[in-house]
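Enquirer: how does the following fold in three dimensions:
(chains A and B)
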Amino acid sequence: MYQYIQVTDDEQDEPIEMPIEDDGCLLLSTLAAQFPGACGLKYRNPETGGMRAIRLCEGKLHPPDDMWGSTVYVAVFPKGVATHVWMIVENKRKGDEGLENPMAKTKKIDREKCSDLIVLGLPWKSSEEDLKSYFEQFGDLLMVQVKKDIKTGQSKGFGFVRFNDYESQVKCLAQRHMIDGRWCDVRIPNSRESEAQQMNRKVFIGRCHEDMTADDLRNYFSKFGEVLDVFIPKPFRAFAFVTFSDPEVAQNLCGEDHIIAGTSVHISTAAPKNYDKERGKHSGSTTSGGYGQNQGFGGWNQGSKGNGAQGGGNGNMNNNPLGMGGLNLGGPFQLNPAMLAAAQAALTQGGWGLLGMANNQTGTGAGDGTNPQANTPSNQGFGNFSSPAAPGTQASNQTGGFLGWGGAPQGESKPQQNAGWGQQQQPANTATNWN
DNA sequence: GTTGAGCGTT
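Expert: This next block holds a predicted model:
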């Protein structure tokens, strides 16, 4: 018999009900499962209006005066700790917010964010100064790079630029460029950094009920923000995707359980599927700068596009944590293909409800019991494999991807602009930075 | 010392 208390990470947001233990305590691990990175709990004292801390002792959060009551508690996060790629990006752009709650910052995803832009077809002779003087017409530049051969110093014929303002980027992407006598193309690079910035508009809805219609989902989720698309695989596979226009809305919902038409669904981040097959479409479809719709990147694991033969039809098994691509789905199990597909998708997404393994810390599921981080919702009861979302991977890629920021050739250094970035030192002449 | 579709040494 569980009791629940209401917890939020933002007093403006809808709280999540969280189970407390038999001894009346809330486990920090339970809290962290819903609010990754949370290190404590607090609540507003109605008498003083101030925030009051909840006692934390050996991983247990103790109720104030032995009573949780109906108070809405607020998750507490370590100050100034970079836990997400998004936060790193935000730190870079908004250095004055360096001490805020990192998770709140994580949720502040700027839809209209600049990314590095690749400049293709540069004349061999063009220098970074040449690029700067050309691209300045579109707006303030933060960075210009010409990629060169290490030994000879000869240009490789391409480079990167980054604008300060998104409008400048849009203008620049909208046309071809005559630079030093050659036509050059400017595009969003096919690298993970830029992909990371465009994702998370779409959320994965696990544990869907067969009676749920796209309209049901749209109606329900519209109260959180504009819904661009609802996708329910046919035949029924017990999951769906909802795409919001605002990635912040999508991000805010991730990790939550919601009740729709009496059914508890789990919302998590939509995992991008492998990009190898889609990359061609991707780069081809971004030349107009338009990736505003949910299909813009074409690389999401929707389980659609005619790959109904999930056993190996689409070559999309590389990231399957349980190696299901290697199973013979036509073998002795004779499971309903819809259930297999749902199970596979649920595994990929970390939504375990379908398999009846939710919260099963001592379960007998395949590979269970070996994961030292079994308290996280995406790993419960399973062996040690990588989380599909793997934000840390993105973070490291991200920091590694902007190594050209540290230099201040003009002699003026702005340390604040470098806060939160992994690499700040670099040899001269690898990039030119005017800010 | 050459070249002309692509995708970023640290």
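Enquirer: where does A:Glu129 sit, in terms of helix or strand?
Expert: helix A:128-135 (DSSP states H and E).
Enquirer: any part of that helix near DNA strand B?
Expert: No: Helix A:128-135 does not reach DNA strand B (CB under 7 Å from any atom of the strand); its nearest approach is 12.2 Å. Just so you know, the C-beta spots here come from the backbone N, C-alpha and C atoms, and that holds for glycine as well.
Enquirer: the helix or strand just after that helix near DNA strand B at all?
Expert: Sequence order places strand A:141-148 as the next helix or strand after helix A:128-135, per DSSP H and E. Yes: residues of strand A:141-148 contacting DNA strand B under CB under 7 Å from any atom of the strand: A:Met143, A:Gln145, A:Lys147.
Enquirer: give me the number of residues near the residue in chain A positioned nearest to DNA strand B?
Expert: Residue of chain A nearest DNA strand B, by CB to the nearest atom of the strand: A:Gly157 (2.4 Å). Neighbour count for A:Gly157, taken as other CB atoms under 10 Å: 17.
Enquirer: could you check how far it is from A:Phe138?
Expert: Shown here: A:Gly157 relative to A:Phe138, a distance of 21 Å by CB to CB, to the nearest Å.
Enquirer: A:Ile20 now?
Expert: Counting by CB to CB, the gap from A:Ile20 to A:Phe138 is 56 Å.
Enquirer: between these two, which is the more surrounded one?
Expert: Taking neighbours as other CB under 10 Å, A:Ile20 and A:Phe138 compare with A:Phe138 leading, 21 against 18.
Enquirer: list the buried residues in stretch A:137-151.
Expert: By 16 or more other CB atoms under 10 Å, the buried positions in stretch A:137-151 come out as A:Phe138, A:Gly139, A:Leu141, A:Leu142, A:Met143, A:Val144, A:Gln145, A:Val146, A:Lys148.
Enquirer: does the first one touch A:Leu173 like I think?
Expert: What that stands for is A:Phe138. No: at 9.4 Å, A:Phe138 does not count as touching A:Leu173 under the criterion of CB atoms under 8 Å.
Enquirer: show the backbone phi and psi for A:Arg187.
Expert: Dihedral angles of A:Arg187 (phi, psi; degrees, to the nearest 10) stand at phi -140, psi 160.
Enquirer: neighbours of A:His177, how many?
Expert: Here the count is done by other CB under 10 Å, and A:His177 has 19 residues near it.
Enquirer: how close does the closest residue to it other than its chain neighbours get to A:Leu26?
Expert: Distance criterion CB to CB, 6 or more residues apart in numbering; nearest residue to A:His177, sequence neighbours excluded, is A:Cys184 at 4.6 Å. The gap separating A:Cys184 from A:Leu26 is 58 Å, by CB to CB.
Enquirer: which one of the two has more residues nearby?
Expert: Taking neighbours as other CB under 10 Å, A:Cys184 and A:Leu26 compare with A:Leu26 leading, 24 against 20.
Enquirer: quick check: closest non-adjacent residue to that one.
Expert: Once flanking residues are discounted, A:Leu26 sits nearest to A:Leu61: 4.3 Å by CB to CB, 6+ apart.
Enquirer: give me the pLDDT for that neighbour.
Expert: Note on A:Leu61: pLDDT of 93.
Enquirer: show me what contacts it?
Expert: Counting by CB atoms under 8 Å, 6 or more residues apart in numbering, A:Leu61 touches A:Cys25, A:Leu26, A:Leu27, A:Leu28, A:Leu31, A:Gly40, A:Leu41, A:Ile54, A:Arg55.
Enquirer: so it bridges to which residues?
Expert: Taking DSSP bridges, one obtains A:Leu26, A:Leu56 as the residues bridged to A:Leu61.
Enquirer: the helices in chain A, which residues?
Expert: Ranges of helices within chain A are A:28-34, A:85-93, A:102-107, A:128-135, A:166-173, A:192-198, A:214-221, A:247-253, A:279-285, A:337-349, A:391-400, A:415-418, based on DSSP state H.
Enquirer: what's the burial count for A:Asp23?
Expert: Using other CB under 10 Å, A:Asp23 has 7 other residues around it.
Enquirer: ditto for the one 10 residues further on
Expert: Using other CB under 10 Å, A:Ala33 has 18 other residues around it.
Enquirer: one more: A:Gln12?
Expert: A:Gln12 has 5 neighbouring residues, counting by other CB under 10 Å.
Enquirer: ok, the one 4 residues further on next?
Expert: A:Ile16 is surrounded by 19 other residues when neighbours are defined as other CB under 10 Å.
Enquirer: can you name the two of the buried residues of stretch A:137-151 that are farthest apart?
Expert: The two members of the buried residues of stretch A:137-151 with the most space between them (CB to CB) are A:Gly139 and A:Lys148, at 25.2 Å.
Enquirer: if we can go back for a sec, the residue nearest to A:His177 and A:Tyr134, how far apart?
Expert: Using CB to CB, one obtains 9 Å as the distance from A:Cys184 to A:Tyr134.
Enquirer: also A:Ala271?
Expert: 39 Å.
Enquirer: same check on A:Asp211?
Expert: Distance of A:Asp211 to A:Tyr134, computed by CB to CB: 58 Å.
Enquirer: same thing with A:Lys147?
Expert: Counting by CB to CB - A:Lys147 and A:Tyr134 are separated by 16 Å.
Enquirer: which intervals of chain A have sub-threshold pLDDT?
Expert: A:1-2, A:78-112, A:192-199, A:272-435 (pLDDT under 70).
Enquirer: neighbour count: A:Asp211 and A:Tyr134, which is higher?
Expert: The neighbour count for A:Asp211 versus A:Tyr134, taken as other CB under 10 Å, is higher for A:Tyr134 (18 against 10).
Enquirer: tell me how far the closest residue in space to the more buried one that isn't next to it in sequence lies from A:Met212.
Expert: Excluding its sequence neighbours, the residue lying closest to A:Tyr134 (CB to CB, 6+ apart) is A:Ile179, at 5.2 Å. As judged by CB to CB, A:Ile179 and A:Met212 stand 53 Å apart.
Enquirer: now do the helix holding A:Glu129 and helix A:166-173, the angle between them.
Expert: Interaxial angle, helix A:128-135 versus helix A:166-173 (axes from the mean of the first three to the mean of the last three CA atoms, to 10 degrees): 100 degrees.
Enquirer: against which helices or strands is helix A:128-135 packed?
Expert: Helices and strands touching helix A:128-135, by 3 or more CB pairs under 8 Å, 6 or more residues apart in numbering; DSSP states H and E, are strand A:141-148, strand A:155-163, strand A:177-179.
Enquirer: by how many degrees do that helix and strand A:141-148 diverge?
Expert: Interaxial angle, helix A:128-135 versus strand A:141-148 (the same axes, to 10 degrees): 130 degrees.
Enquirer: give me the buried positions along helix A:128-135.
Expert: A:Glu128, A:Asp130, A:Leu131, A:Tyr134, A:Phe135.
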